[in-house]
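S.K.: need a structure here:
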Amino acid sequence: IRSGERLDFQGIDVVYHLAGIANDPMADLDQALSWEIASLGTLMVLRAAKEAGVQQFVFASSGSVYGISDAPNVTESHKLRPISLYNKTKMVAERIVQSFDSDFKVVVVRPGTVCGLSKRMRLDLAVNALTYGALSKGKIVVDGGSQVRPHVHIDDLLSAYIHLLRPSVPSG
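M.R.: The predicted model follows:
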């Protein structure tokens with residue numbers, strides 16, 4: 001996505017931009033590359049979408065752009081306070097996406113940690129680790145217990161993305 005090569009969206013109505021660095025540890029491996037993928041890559045996808053006359057652009061950001069908050073409920077109007085490189089690259093990419101809102105309908109999705117069955121399971125994620133423990137050891141071990149972290153099952157996230165194909169979904 002960084003070069004913009006082979007990004008041909010001719011005849012496409014909706015682009016879902018899901019490409020990018022997946023998490024904090026991966027973003028930290030090469031900070032310059034992370035910024036390049038998040039900002040330049042997103043810009044290249046946006047330009048290709050605009051050139052092709054795409055009608056709607058959906059960007060997969062992250063709930064991590066809110067940072068750490070003591071608020072009982074964090075909503076879309078909550079101030080963004082990214083604390084890691086990954087969070088910051090997502091926030092900047094969101095701003096780039098939003099700058100194209102006069103070219104097509106823009107939707108930014110900020111999911112929590114995505115969990116669910118995968119060929120490449122990430123057992124470092126809380127829900128997956130708890131499930132693995134239950135299956136392999138017959139018990140669930142919770143360290144601490146006061147932590148709060150948003151999670152979304154991949155099936156629910158996909159349902160949300162499909163919902164966005166409906167014409168009545170507002171921009172934002």
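
S.K.: list the buried residues of the biggest helix by length in the chain.
M.R.: Under DSSP state H, the helix in the chain containing the largest number of residues is helix 85-98. Buried positions in helix 85-98, judged by neighbour count with 16 or more other Cβ atoms under 10 Å: Leu85, Tyr86, Asn87, Lys88, Thr89, Lys90, Met91, Val92, Ala93, Glu94, Ile96, Val97. (Each C-beta comes from the backbone N, C-alpha and C, glycine too.)

S.K.: likewise stretch 53-60?
M.R.: For stretch 53-60, by 16+ other Cβ under 10 Å, it's Val54, Gln56, Phe57, Val58, Phe59, Ala60.

S.K.: just stretch 24-42 next, same as before
M.R.: Ala27, Ser34, Trp35, Ile37, Ala38, Ser39, Leu40, Gly41, Thr42.

S.K.: pretty sure the second one sits against Pro25.
M.R.: It stands for Ser34. No - the pair Ser34 / Pro25 is not scored as a contact, 11.0 Å apart, by Cβ atoms under 8 Å.

S.K.: can you map out the helices along this structure?
M.R.: Using DSSP H, helices in the chain cover 24-29, 31-35, 42-52, 85-98, 126-137, 154-163.

S.K.: which one of those lies closest to Arg6?
M.R.: helix 42-52 (9.2 Å; Cβ to Cβ).

S.K.: ok, residues contacting the closest one?
M.R.: 1-4, 7-12, 15, 17, 19-20, 57, 59, 93, 96-97, 100, 103-104 (Cβ atoms under 8 Å, 6 or more residues apart in numbering).

S.K.: how far off helix 85-98 does it point, in degrees?
M.R.: 20 degrees (axes from the mean of the first three to the mean of the last three Cα atoms, to 10 degrees).

S.K.: now find how far off-centre helix 42-52 is within its chain.
M.R.: 18 Å (Cα atoms, centre = their mean, to the nearest Å).

S.K.: kindly report the same for stretch 38-52.
M.R.: Distance, centroid of stretch 38-52 to centroid of chain: 16 Å (Cα atoms, centre = their mean).
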